[in-house]
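1. I would like to see how this sequence folds:
(2 chains)
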Amino acid sequence: MTTALTEEPQVTTALAARAVGLRKVFGDTVAVDGIDLDVPAGSVLGMLGPNGSGKTTLIRMLLGLTRPTAGTAELLGHPMPDGAADALPHVGALVEGPGFHSFLSGRENLRRVAATEPLLASREIPAAVDAALERVGLAAAADRRFRGYSLGMKQRLGLASALLIPRRLVVLDEPTNGLDPAGTRDVRGIIAELHAAGATVVLSSHLLAEVEATCTHVAVLQTGSLVATGELSTLLDSGSGGLVVATPDVDLALRTLREAGATAYRAEGAEPAVVVRDGPPTPDVVALLVRAGVAVHEARRTRANLEELFARLTEET
Amino acid sequence: MTTATATAAPLGRLLGAELRWVLRRPRTLVMLGVFALVPVLISIGVAVAGSRPGAGLIGQIGGNGLVLPIAAITLSLTLLLPLAVAMAAADAIAGETASGTLRGLLIAPVGRLRLVVMKAFGVLVVAALATLVIAVVGVVAGLVVVGGADGQLVTLSGTSVGLGGALGRVALVVVWAVVQLAAVGAIALAISAFTEHPLVVLASVLGGLIVFGVLGAIPSLNWLQPYLLTSGWGAGADALRDPLPLGGLLESTWRALCYLAVGAGLTTYRMLRRDA
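-> Residues are numbered from 1 along each chain as shown, chains lettered A, B, ... in the order given. Model (predicted):
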């Protein structure tokens, strides 16, 4: 790690977060099972995965809240959790729901958080708190007790605490939980602002449309492993490169295609069909199948959206 | 990264934030109010009982108001004051975990060691405030409701001590009691660092005090006495003797400091490793 740092500094500084062989075991449960992940600086990374796939545990290890069983986590170039003092002042986070005190008002809660922010000078606190409340649309409810906040208002306050100062990295765990459509739109706007300002955003969500609308990069987790990662457009292109061949002889088609070195699997849906990826060009595939005696009813290229990609990645095998 | 930036908020600001948090909590304020009532109630009881001499420490208060603050602190130290401290310690770490705010403090980041300092400070403030409220209200109620022997303290030994000397003795008992409570608080904070349920802290501390009391009352277990925090808690009444015997106060203070060291060590050990 240190040698890499001296040889190619531009590579390390270009990563906002990095996981190398990261693994976390709770008792008998493997929550995160050897994840390698690079989060490029300036990207908006959407972390996708079914419930219990290890998204939050991965985020907690990156933030130094929990120590990995094996592997290393890096945040803004600092090893975590030991480099927390250097990295975390530049990081805003909303993890596992907003945590605040019910007997304090939203503003008082936020001032308490602000008092703990290393990069915020004491005289700047009131203005920073007001600005953050304004930014998430809570200015009118700022002096009400947190106890009386709706779920969406609590979520907004959590977002405000992550945005108290300009950050280099913002980590948002399920940021639109409990938000109404206007709130969801606000969150998208905030993510877009952060992205435009050059900050890196890591976002975990189960709302695929939200990730598709806001993210430049995606990481898909499944039972503690990373099943796909990369730029959203690349992943979607690779998904759209799939060729769907409708045929009643699915088994024979799969065998033939796999022998020819193509990636092929049974397509979902009522009609029997196979999906071919990374194989030879379409005419060759069709010719191959026909020569092997497979009845080809139809062959077409599909344009995948994130939902299909996600379903395919997480439901296979 | 090339420019030097602060990696931690100023400690004074953290302590201020903790203080504000402790004092804004409704239960802290209610508790302090209850502590103010303790000497008032005793003084009314003594005044109603009139000049009939009572038994024990309370019996000494009649017509000798400056005994009241010391008696009230000694009485409250058996259960009420430890309860207040345990509650503050329970809220300090286990409570913050339960409300999801410990995570926020660690992400800020407040360094884990500083977090222990911040939390210990909050608990110590509650211990000191609770004891001071009893002392101040005790002095006032003692002088106003009970009335003093010409503003003097008549000691258990029969001599008289002037107002200044009497207040000095009250201050001594306050400091001594706060050290004892700091020991309770340190142990409570350690328990608080190991659990996420504030109730566990309260139950363990009060249960522990009761067990200590029972163990201390069993004659065949006399050899345990030097190790029990509670066995020196009667020493506060020594401040009412003349000349002032410091042996019991000093011994119980040393014992409390040992508990304090163990509690602080365990809290720090756990907080440096705890997941949030």
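2. report how many residues lie close to the residue in the stretch 151-276 of chain B positioned nearest to chain A.
-> Residue nearest to chain A within the stretch 151-276 of chain B: residue B:275 (4.2 Å; Cβ to the nearest Cβ). (C-beta placed from N, C-alpha, C; glycine too.) With neighbours defined by other Cβ atoms under 10 Å in any protein chain shown, the count for residue B:275 comes to 13.
3. please name the nearest non-neighbouring residue to residue A:158.
-> residue A:98 (2.8 Å; Cβ to Cβ, 6 or more residues apart in numbering or on different chains).
4. so how far is residue B:214 from the one you found?
-> Shown here: residue A:98 relative to residue B:214, a distance of 45 Å by Cβ to Cβ, to the nearest Å.
5. for the helix or strand hosting residue B:176, packing partners?
-> In this structure, residue B:176 sits in helix B:163-194 according to DSSP states H and E. Applying 3 or more Cβ pairs under 8 Å, 6 or more residues apart in numbering or on different chains; DSSP states H and E, one finds that helix B:163-194 contacts helix B:67-77, helix B:80-89, helix B:112-141, strand B:153-154, helix B:198-217, helix B:247-273.
6. circling back to that earlier point, the residue nearest to residue A:158 touches residue A:153, doesn't it?
-> No: Residue A:98 is beyond contact range of residue A:153, at 9.4 Å (criterion: Cβ atoms under 8 Å).
7. contacting residues around residue A:19?
-> Going by Cβ atoms under 8 Å, 6 or more residues apart in numbering or on different chains, residue A:19 touches A:35, A:36, A:37, A:58, A:61, A:62, A:71, A:72, A:73, A:74.
8. relative to the whole chain's centre, how far out is stretch A:47-64?
-> Computed by Cα atoms, centre = their mean, to the nearest Å, the separation of stretch A:47-64 from the middle of its chain amounts to 9 Å.
9. anything in it near chain B?
-> Yes: judged by Cβ under 8 Å from any Cβ of the partner chain, stretch A:47-64 comes into contact with chain B at A:60, A:63, A:64.
10. more crowded one of residue A:98 and residue A:153?
-> residue A:98 (25 against 21).
11. and the pLDDT for residue B:219?
-> Note for residue B:219: predicted pLDDT of 90.
12. how close does it get to residue B:78?
-> Distance of residue B:219 to residue B:78, given as Cβ to Cβ: 20 Å.
13. between those two, tell me which one has more neighbours.
-> Legend: neighbour count by other Cβ under 10 Å for residue B:219 and residue B:78, higher for residue B:78 (13 against 5).
14. skipping its backbone neighbours, what lies nearest the more buried one in space?
-> residue B:233 (6.8 Å).
15. number of residues surrounding the one you found?
-> 23.
16. wait, is it part of a helix?
-> Yes: according to DSSP: H, G, I helix; E, B strand; the rest coil, residue B:233 belongs to a helix.
17. so where's the stretch 1-150 of chain B uncertain?
-> Along the stretch 1-150 of chain B, segments meeting pLDDT under 70 span B:1-5, B:50-55, B:148-149.
18. for chain A, what is the nearest residue in it?
-> residue B:100 (2.5 Å).
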